[in-house]
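A.B. asks: Predicted model follows, preceded by the sequence.
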Amino acid sequence: MHKRHLSLLDKLISEADSVIKTITSRGNRASRPSPAIGHQDAPLSEPKRRHVAGLMRVNHTGEVCAQALYQGQALTAKLPTVRNEMRHAAQEEVDHLVWCEERLRELGSHTSYLNPVWYGMSFALGALAGTISDKVSLGFVAATEERVCSHLRDHLKQLPDEDRKSQLILQQMLQDEQRHGEKALEAGGTEFPQPVKDAMDSVSKLMTRTSYRI
Ligand SMILES: [Fe+2]
Ligand SMILES: [Fe+2]
C-alpha cells in the first residue's frame with residue numbers, strides 16, 4: 001500500500017513538468033515540424049484574421065485538454081501497453097499544441113486565458129477514466145477524438161481559402177486524431193453510450209464558445 005502511494009507520488013512529480021509546460025505554453029517541443037512551414041502568410045482582412053485566431057485558439061485549448069486527458073490517463077492506466085499508447089498519442093498532441101500556438105502568434109493573437117481551468121477538468125476526467133478501467137479510459141479517448149474530429153472538419157470549412165497555413169495544420173491534426181480514435185477502439189476501448197456523448201458535446205460547446213473569445 002505504502003509502495004503504491006510512493007509510486008503515484010513519483011509519477012505525479014514527473015508529470016508536474018509537463019503540466020507546467022502545457023499550462024504556461026513554455027518549453028514544449030514538437031517532434032515534427034509544423035505542416036505550415038514553407039508556406040507564405042496570406043494577407044487576411046481584419047475580421048478574417050480575428051475569426052481564424054478565434055478558431056485556432058479553440059483548437060489550441062482542445063490540445064491543452066488532450067494533453068491533460070492523456071497525462072491523467074497515463075498516471076492511472078493499468079496496462080503498460082495502454083500507458084505507452086497514451087504517451088505516444090500525447091507526444092503527437094504536443095505537436096498539435098505547438099503548431100496551434102505558433103499559428104496564433106503569427107496571427108498576432110493569444111492562447112485562451114481559461115486554459116488552466118480546462119486543463120484541470122480534463123486531467124481529472126482522464127485520471128477518473130483511467131482509475132475505472134483501461135476500457136473506459138480508451139473509450140473516453142475514442143469519444144473525445146470523435147468530437148475533436150468533428151470540430152476540425154467544421155473549422156476547415158470555416159477557414160478562408162487564402163489561409164493555407166491554418167488549413168495544413170488542421171488537416172494534419174485531423175489525420176492524427178482520427179488515428180488516435182481508431183487505435184483507442186482497437187486497443188479495446190468501450191464505445192460510449194449516446195447520452196454520455198451528448199453530455200460531452202455540451203461541455204465541448206461551452207469550451208469552444210468561451211475559448212473563441214477569451
Ligand atoms: Fe490533437
Ligand atoms: Fe488526438
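C.D. replies: The structure has been received and is ready for your questions. Ligands and ions are numbered 1, 2, ... in the order given.

A.B. asks: Spatially central residue in this protein, please.
C.D. replies: With distances taken as C-alpha atoms, centre = their mean, the residue of the chain nearest its centroid is Glu63 (2.4 Å).

A.B. asks: Quick one: residues contacting it.
C.D. replies: Contacts for Glu63 were tallied using C-beta atoms under 8 Å, 6 or more residues apart in numbering; they are 93, 96-97, 100. Bear in mind the C-beta positions are built from the backbone N, C-alpha and C, glycine included.

A.B. asks: among the residues you listed, which are within reach of ligand 1?
C.D. replies: Cross-checking the contacts of Glu63 against ligand 1 (C-beta under 5 Å from the ion) gives 93, 96 as the overlapping residues.

A.B. asks: Pipe the contacts of Glu63 into JSON lines and attach neighbour count per row.
C.D. replies: As requested, the contacts of Glu63 are exported to JSON lines (neighbours: other C-beta atoms under 10 Å):
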{"residue": "Glu93", "neighbour count": "27"}
{"residue": "His96", "neighbour count": "25"}
{"residue": "Leu97", "neighbour count": "25"}
{"residue": "Cys100", "neighbour count": "26"}
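
A.B. asks: Let me know the closest of the contacts of Glu63 to ligand 2.
C.D. replies: Glu93 (5.4 Å; C-beta to the ion).

A.B. asks: tell me the contacts of that closest one?
C.D. replies: 63, 66-67, 70 are the contacts of Glu93 under C-beta under 8 Å, 6+ apart.

A.B. asks: try 6 Å this time
C.D. replies: For Glu93, the residues meeting the contact criterion (C-beta atoms under 6 Å, 6 or more residues apart in numbering) are 63, 66-67.

A.B. asks: now swap in Ile214 and tell me
C.D. replies: Applying C-beta under 6 Å, 6+ apart, the residues near Ile214 are 112-114.

A.B. asks: Who wins on neighbours among those?
C.D. replies: Ranked by neighbour count (other C-beta atoms under 10 Å), these have Ser112 at the top, with 21 neighbours.

A.B. asks: Not counting sequence-adjacent ones, nearest residue to that one?
C.D. replies: With C-beta to C-beta, 6 or more residues apart in numbering as the criterion, Ser112 has its nearest non-adjacent residue at 4.2 Å, and that residue is Ser211.

A.B. asks: circling back to that earlier point, I'd like the contacts of Glu93 as a markdown table, with secondary structure and distance to ligand 1 appended.
C.D. replies: Listed next are these as a markdown table, based on DSSP: H, G, I helix; E, B strand; the rest coil; distance: C-beta to the ion, whole Å:
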| residue | secondary structure | distance to ligand 1 |
| --- | --- | --- |
| Glu63 | helix | 5 |
| Ala66 | helix | 5 |
| Gln67 | helix | 9 |
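
A.B. asks: Rank those residues by pLDDT and give me only the lowest.
C.D. replies: Checking pLDDT across the contacts of Glu93, the minimum falls on Gln67 at 83.

A.B. asks: Tell me how many other residues surround whatever residue of the chain ends up closest to ligand 2.
C.D. replies: The minimum distance from the chain to ligand 2, using C-beta to the ion, falls at His180 (3.7 Å). The number of residues packed near His180 is 24, by other C-beta under 10 Å.
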